[in-house]
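**Student:** Pasting the sequence and the predicted model now:
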Amino acid sequence: MRFVVQRVTGASVTIDEKINGKIEKGFLVLIGVCGEDTKEIADKMVKKLIGLRIFADDDGKTNLSIKDVDGQLLLVSQFTLYADCKKGNRPSFIKAGSPEHAEEIYNYIVELCKNEIKVVETGEFGADMQVELINDGPFTIILDSTEIC
């Protein structure tokens, strides 16, 4: 499982020219699921995500978590995080989880986050989405379950 976590001052996802999800201060999280991912892995990834201390405290040090700052989440599924570009110039996506498996895990992640964070917005699994963000910092972190779990 891979999360690309971007600290933002605002982000939105649009589908068919209609805003599907929109947040203010918080994280835009792009979520990639592979075939081996489980709910147990998702549990650990969400725990790490919610615990990340990458918001500034009163002294300007990154000591605060998303909960500490009453931040919001925008969660967007993105199978292309499992692109394999080793051969040729056209990426292969065979490492990405099947749509059925990935959607199940993605929905599970959304529910876990809703249990922890007041405002959780989403894209739509499998949809053609346009994502806009104002990256704060910029501050971007990649969480990979092979390194965390």
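**Tutor:** That came through, no problem. Remember, it's a predicted structure, so these values are computed and weren't measured experimentally. Residues are numbered from 1 along each chain as shown.

**Student:** Ile31 belongs to a strand?
**Tutor:** Yes - counting by DSSP: H, G, I helix; E, B strand; the rest coil, Ile31 is found in a strand.

**Student:** from here on, count from 734
**Tutor:** Done: numbering now begins at 734, and the last item shifts to Ile764.

**Student:** and it, how many neighbours does it have?
**Tutor:** Using other CB atoms under 10 Å, Ile764 has 27 neighbouring residues. C-beta: built from backbone N, CA, C; applies to glycine.

**Student:** repeat for Gly743
**Tutor:** Gly743 is flanked by 17 other residues according to other CB under 10 Å.

**Student:** repeat for Lys772
**Tutor:** By the criterion of other CB under 10 Å, Lys772 has 11 neighbours.

**Student:** quick one: what helix or strand has the closest residue to it other than its chain neighbours in it?
**Tutor:** Nearest non-adjacent residue to Lys772, counting by CB to CB, 6 or more residues apart in numbering: Tyr841, 5.5 Å away. Using DSSP states H and E, Tyr841 sits in helix 832-847.

**Student:** This completes my enquiry, with thanks.
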